[in-house]
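**Student:** My questions concern the predicted model and sequence given below.
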Amino acid sequence: MEYNPFQDGNGRVGRLLMFKECLANNIAPFIITDELKMFYYRGLQEWGHLNGYLTDTCLTAQDQYKLLLDYFGIEY
């Protein structure tokens, strides 16, 4: 049996690493919400053909996150 720490394929660790890397590089982070999940999955599938799809989805999520930061008066 092959050991695979990500066998359920849920991507949580990858999204956590993205969040951490955004913070480490002074980029406003983002969270893929349920409303954006299907767009995110499609963007991953289309990467290499329509790269802008995933980029636009992540930028939309980042805009939503910035609204929360603005609401709480947190600089980014």
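**Tutor:** That came through fine. Numbering: from 1, shown residues only.
**Student:** Name the residues of stretch 41-53 that are buried.
**Tutor:** G43, Y53 (16 or more other C-beta atoms under 10 Å). (Glycine included, C-beta is placed from N, CA and C.)
**Student:** right, I mislabeled it, should have said stretch 31-40
**Tutor:** Applying 16+ other C-beta under 10 Å to stretch 31-40 flags I32, L36, F39, Y40 as buried.
**Student:** what sits up against that stretch?
**Tutor:** Defining contact as C-beta atoms under 8 Å, 6 or more residues apart in numbering, one finds that stretch 31-40 is touched by R15, F19, Y53, L54, T57, C58, T60, A61, Q64, Y65.
**Student:** Identify the farthest-apart pair in the buried residues of stretch 31-40.
**Tutor:** For the buried residues of stretch 31-40, the farthest-apart pair by C-beta to C-beta is I32 and F39; their separation is 8.6 Å.
**Student:** tell me which residues in the helix or strand of the chain with the lowest mean pLDDT are buried?
**Tutor:** When each helix and strand of the chain is scored by mean pLDDT, DSSP states H and E, helix 12-24 comes last, with a mean of 87. For helix 12-24, burial by neighbour count (16+ other C-beta under 10 Å) applies to M18, C22.
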